[in-house]
Structure formats: C-alpha cells, structure tokens
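**Student:** fold the following, please.
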Amino acid sequence: MRTSISRVTSNGTPTSDIVSAEVSFLSEVLGNLRDSGKISNEAYLDAGTIQGGLSIVANLIEQGAPSEEIDEQISQLFSKASMICSSHPEIDQQIESFRQ
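**Tutor:** Residues are numbered from 1 along each chain as shown. Next up is the predicted model:
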C-alpha cells in the first residue's frame with residue numbers, strides 16, 4: 001500500500017492518468033489476492049480504502065484542485081496505508097509481486 005502511493009508520487013504531484021492507472025492496478029490485484037485466498041476479506045476491505053482514496057485524488061487532479069489539497073490527501077492516504085501495512089504486514093509485498 002505504501003509502495004503504491006510512493007510510486008504515484010515519485011515525481012512530485014502525480015497526473016490523473018498515473019493515479020488512475022494505479023487505481024486500476026490495485027482493483028485487479030486486490031481482487032486476485034482475495035479470490036485466491038492470499039489475503040483475508042478484512043485486508044481486502046482495508047486496502048480498498050486506499051484504492052478509493054487514490055480514485056478521489058485522481059478526480060481532484062482532473063478538476064484542477066490546488067496541489068496543496070492533493071498533497072494533503074496523499075499524505076493522509078500514506079498514513080492510512082502505513083496503518084494497513086502494520087495490520088497486514090504481507091499485503092504490500094503481495095501487491096507488488098504482481099507488477100511487471
């Protein structure tokens with residue numbers, strides 16, 4: 001989860017396309033992980049909050065929101081992702097294992 005957020009912010013404030021691509025990636029991967037039993041339903045739902053939050057960020061970017069507002073949303077998501085990774089320590093590595 002933290003890695004997903006770090007990826008979209010690696011070059012500063014991301015574009016809507018970059019964030020939307022990450023949202024799509026997370027949607028597919030989280031579904032695969034849950035369906036295969038590699039993550040619990042609880043982990044799936046927790047991770048979904050990050051996916052949803054990134055979707056909101058993509059919309060804010062598309063609407064031309066100030067970069068300060070976008071950065072604040074991303075900062076809050078990173079904090080939330082850190083809590084999720086503490087509760088589900090395996091999830092970040094499992095998600096990243098699907099990247100090519």
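
**Student:** please name the residues that touch residue 78.
**Tutor:** 2, 5, 6 (C-beta atoms under 8 Å, 6 or more residues apart in numbering). Placement of C-beta: from N, CA and C, glycine included.

**Student:** just residue 48 next, same as before
**Tutor:** So residue 48 contacts residue 30 (C-beta under 8 Å, 6+ apart).

**Student:** tell me which element it is part of?
**Tutor:** Using DSSP states H and E, residue 48 sits within helix 41-62.

**Student:** chain center to that helix, what's the gap?
**Tutor:** Centroid separation for helix 41-62 versus its chain: 6 Å, with C-alpha atoms, centre = their mean, to the nearest Å.

**Student:** flag every buried residue along the helix or strand following that helix.
**Tutor:** Proceeding N to C from helix 41-62, the next assigned helix or strand is helix 67-87, under DSSP H and E. Buried residues in helix 67-87, counted by 16 or more other C-beta atoms under 10 Å: 70, 73, 74, 77, 78, 80, 81, 84, 85.

**Student:** could you check how far stretch 11-26 is from the centre of its chain?
**Tutor:** On C-alpha atoms, centre = their mean, the centre of stretch 11-26 falls 9 Å from the chain's centre.
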